[in-house]
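[1] sequence unknown, structure follows:
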């Protein structure tokens, strides 16, 4: 595998709508944005929240 | 120190689940998938990258990223976020490979500090301090600041109390702190770790290792951790007599402070009396303000705004800038919308999603895209920091060395102080001054590798 595989562009750069927000140093909260995020979170939480949480167990680090 | 070097080590949580949320791969196996391209590049799961950072697999299958030496705190944030992007990219490659094998398995990397069983892992801040100096009085002056800093820089979260209730706190980290100062990191975790590995000339430097911090998603929170601590260290280094409110029981105080969202709880002081978290932070801010340079005015301003958010209860600024306040608002909205309370596993899941570093699906990234969380650094700067080291420290030399070695396809090893080619008779080059940015010896190594690269290109190995 080539070195490019570590340095190659990650998921962010693949996504068109991410590029629009790139470089916007300003926070401009909107009511629409707040509603959208809650709808998006609904989708995450409706998918097996409890099982996911239970699956996340590792030995300690540090 | 007028110019101080710092670095941030971040351990990530790792979970690999099926679409029904159940565990698909054990952490060890998932880490192997994740690190395949790293091992292919460096023949090891412990490598230094072109941006001079260190990427490795730590105890407990925690992927870890340590930024290179930075002397500017926005550069440090850029380097830290570059590490997130690199790991997100590795996770995406691993997930693509798993899908191609037909496995129902997706790896998630979580930039948080505790798993669902309560195992803790860290976000360790390193600060270079002068060897001749103030280390004996340093912990006494620094600890009250660190114990209450969470009202500004905590990541927020929910703790379950012994009586079964759940409550929102500035930081869950406080419950994993057992000592103020010690050399331990896992068994009895301290706020300040005294392990003294300066990664530089031990006659001149020592390293201050602060392990009380939360992994912060907000660029403003991460920046404030370093920018405020730097100022307090400068205060100590003036050598002047400094009157600070010394806590009579630091560990009891840090736990109380974490739970005290109004910031009004009285923390007992040594020698009698008491002070609130808000009052303690205000005293430190007032003490360091005269030492700040003009460029640091934004640090003082953000610090004051953070204190005021707790003191007045007006979260307008904090809820768009600081992790704990962004989360506090989001958790309240989600609880109301879904008719659950903070004890719900859905809120645990939401907390994990907030810290998921995938820029497409992580909740923090979604908040950024919608203007609900700060995005100070342009995406181009973060992308650049993935392959370009900080220019004003020793990292610049390491970054040039590694870039040249990888481009020439030359076997090499590096650590924080040393660079060496892997071949018989090769002499290591050590750079013991972390402020050094030029070195004839490193130039010579790079020139030598250029020659080697050209020779091997002229006579390619038989296919």
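    That came in fine, so what should we check first? A quick note: this is a predicted structure, and the numbers were derived from the prediction, not measured.

[2] Tally up the residues packed near residue B:252, please.
    Applying other Cβ atoms under 10 Å in any protein chain shown, we find 14 residues neighbouring residue B:252. C-beta coordinates here come from the backbone N, C-alpha and C atoms, glycine included.

[3] What residues does the stretch 251-400 of chain B have near chain A?
    Proximity of the stretch 251-400 of chain B to chain A (Cβ under 8 Å from any Cβ of the partner chain) is limited to residues B:320-321, B:330, B:333-334, B:337-338, B:345-346, B:348-350, B:352-353, B:358-361, B:363, B:366-380, B:383, B:386-387.

[4] Looking at the residues you listed, which are in helices?
    Among these, the members found in helices (DSSP state H) are B:320-321, B:330, B:333-334, B:337-338, B:345-346, B:348-350, B:352-353, B:363, B:366-369, B:379-380, B:383.

[5] Mind giving me the ChimeraX command for buried ones among those residues?
    Provided next is the ChimeraX selection string for whichever of these are buried by 16 or more other Cβ atoms under 10 Å in any protein chain shown:
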select /B:320,321,330,334,338,345,346,348,349,350,352,353,363,366,367,368,369,379,383
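
[6] hmm, the lowest-mean-pLDDT helix or strand in chain B in reach of chain A?
    Ranking every helix and strand in chain B by mean pLDDT, DSSP states H and E puts strand B:179-182 at the bottom, with a mean of 83. No: for a cut-off given as Cβ under 8 Å from any Cβ, strand B:179-182 has no contacts with chain A; the smallest distance is 12.9 Å.

[7] residues in contact with the helix or strand that that strand is followed by?
    Toward the C-terminus, strand B:179-182 is succeeded by strand B:190-193 as the next helix or strand (DSSP states H and E). Strand B:190-193 has contacts (Cβ atoms under 8 Å, 6 or more residues apart in numbering or on different chains) with B:124, B:139, B:142-143, B:146-147, B:177-185, B:208-212, B:250, B:254.

[8] does chain B sit close to the longest helix along chain A?
    Assignment by DSSP H gives helix A:31-45 as the longest helix of chain A. Yes: Helix A:31-45 lies within reach of chain B by Cβ under 8 Å from any Cβ, at A:33-34, A:36-38, A:40-42, A:44-45.

[9] Just want the angle from that helix to helix B:345-354.
    110 degrees (axes from the mean of the first three to the mean of the last three Cα atoms, to 10 degrees).

[10] Tell me which residues of helix A:31-45 come out buried.
    So, applying 16+ other Cβ under 10 Å, buried residues of helix A:31-45: A:33-34, A:37, A:40-41, A:44-45.

[11] elements contacting the very next helix or strand once past that helix?
    Counting by DSSP H and E, the element after helix A:31-45 in chain order, helix or strand, is helix A:49-55. Judged by 3 or more Cβ pairs under 8 Å, 6 or more residues apart in numbering or on different chains; DSSP states H and E, the packing partners of helix A:49-55 are strand B:13-17, helix B:345-354.

[12] now the ones you listed as CSV including mean pLDDT and distance to residue B:269?
    Listed next are the helices and strands packed on helix A:49-55 as CSV, based on pLDDT from 0 to 100; distance: least, Cβ to Cβ, whole Å:
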stretch, mean pLDDT, distance to residue B:269
strand B:13-17, 97, 36
helix B:345-354, 98, 33
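
[13] Quick one, which of the contacts of strand B:190-193 are buried?
    Burial by neighbour count, judged by 16+ other Cβ under 10 Å, picks out B:124, B:139, B:142-143, B:146-147, B:177, B:179-180, B:182, B:185, B:208-212, B:250, B:254 from those.

[14] Point out the ones among those residues that are inside helices.
    B:139, B:142-143, B:146-147, B:250, B:254.

[15] okay, the helices and strands packed on helix A:49-55 in JSON lines with distance to residue B:285 next?
    Below are these laid out as JSON lines (distance: least, Cβ to Cβ, whole Å):
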{"stretch": "strand B:13-17", "distance to residue B:285": "33"}
{"stretch": "helix B:345-354", "distance to residue B:285": "28"}
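
[16] Just give me the closest of the buried residues of helix A:31-45 to chain B.
    residue A:33 (3.2 Å; Cβ to the nearest Cβ).

[17] Which strands or helices does the helix or strand hosting residue B:445 pack on?
    Using DSSP H and E, residue B:445 sits within helix B:440-458. Using 3+ Cβ pairs under 8 Å, 6+ apart, the elements in contact with helix B:440-458 are helix B:395-408, strand B:418-421, strand B:429-430.

[18] which other residues reach that helix?
    B:397, B:400-401, B:404-405, B:407-410, B:412, B:419, B:421, B:429, B:431.

[19] among the residues you listed, which ones are buried?
    B:397, B:400-401, B:404-405, B:408, B:410, B:412, B:419, B:421, B:429, B:431.

[20] quick revisit: need the helices and strands packed on helix B:440-458 in TSV (columns: mean pLDDT).
    Formatted as TSV, the helices and strands packed on helix B:440-458 follow (pLDDT from 0 to 100):
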stretch	mean pLDDT
helix B:395-408	96
strand B:418-421	96
strand B:429-430	97
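
[21] Put together a markdown table for those, with distance to residue B:164 on each row.
    Formatted as a markdown table, those follow (distance: least, Cβ to Cβ, whole Å):
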| stretch | distance to residue B:164 |
| --- | --- |
| helix B:395-408 | 48 |
| strand B:418-421 | 53 |
| strand B:429-430 | 56 |
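
[22] Surely residue B:33 is in contact with residue B:109?
    No: under the criterion of Cβ atoms under 8 Å, residue B:33 makes no contact with residue B:109, lying 11.9 Å away.

[23] Out of those two, name the residue with the larger neighbour count.
    With neighbours defined as other Cβ under 10 Å, residue B:33 and residue B:109 compare such that residue B:109 has more, 24 against 20.

[24] Am I right that the more buried one sits in a strand?
    Yes: if the criterion is DSSP: H, G, I helix; E, B strand; the rest coil, then residue B:109 is within a strand.

[25] Kind regards, and thank you for your time.
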